[in-house]
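S.K.: I would like the atomic coordinates for the input below:
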Amino acid sequence: MTQNTRVLNYLKTGQWLSTVDAVRGTLGEPILRLAARIDELREGGYAIISERVEGKTYHRYRLVSQEPQQTKLWHA
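M.R.: Residues are numbered from 1 along each chain as shown. Here you go, the predicted structure:
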């Protein structure tokens, strides 16, 4: 199972996922670059919100929509 699949499956439970949780192995094996995985899921059309954890230097993420949204490609 890819890291993106593990992250997406976790987010589909409706829970928040923080960078610290991912590094500590909440999803099985540690994910060291959670922000990169989130960016890839967003590029795939998933609406994911993020917020900085108050008083900390890391973020947490939550899935807004269970299904990917259609992305439009604009041509110049």
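S.K.: so which bits of the strand or helix carrying Asn9 are buried?
M.R.: Asn9 is part of helix 3-11, with elements assigned from DSSP states H and E. Neighbour-count burial for helix 3-11, counted by 16 or more other C-beta atoms under 10 Å, picks out 3-4, 6-8, 10-11. Placement of C-beta: from N, CA and C, glycine included.
S.K.: show the subsequent helix or strand relative to that helix.
M.R.: Following helix 3-11 in sequence, per DSSP H and E, is strand 17-18.
S.K.: all the strands of this structure, residue numbers only.
M.R.: Applying DSSP state E to the chain gives strands spanning 17-18, 48-52, 59-63.
S.K.: same for the last one, what does it pack against?
M.R.: The reference is to strand 59-63. In terms of contacts (3 or more C-beta pairs under 8 Å, 6 or more residues apart in numbering; DSSP states H and E), strand 59-63 is packed against helix 3-11, strand 17-18, helix 19-24, helix 34-43, strand 48-52.
S.K.: picking up where we left off before, tell me what the helix holding Asn9 is packed against?
M.R.: If you count contacts as 3+ C-beta pairs under 8 Å, 6+ apart, helix 3-11 packs onto strand 17-18, helix 34-43, strand 59-63.
S.K.: for the second one, name the packing helices and strands.
M.R.: What it means is helix 34-43. Here helix 34-43 touches helix 3-11, helix 19-24, strand 48-52, strand 59-63, going by 3+ C-beta pairs under 8 Å, 6+ apart.
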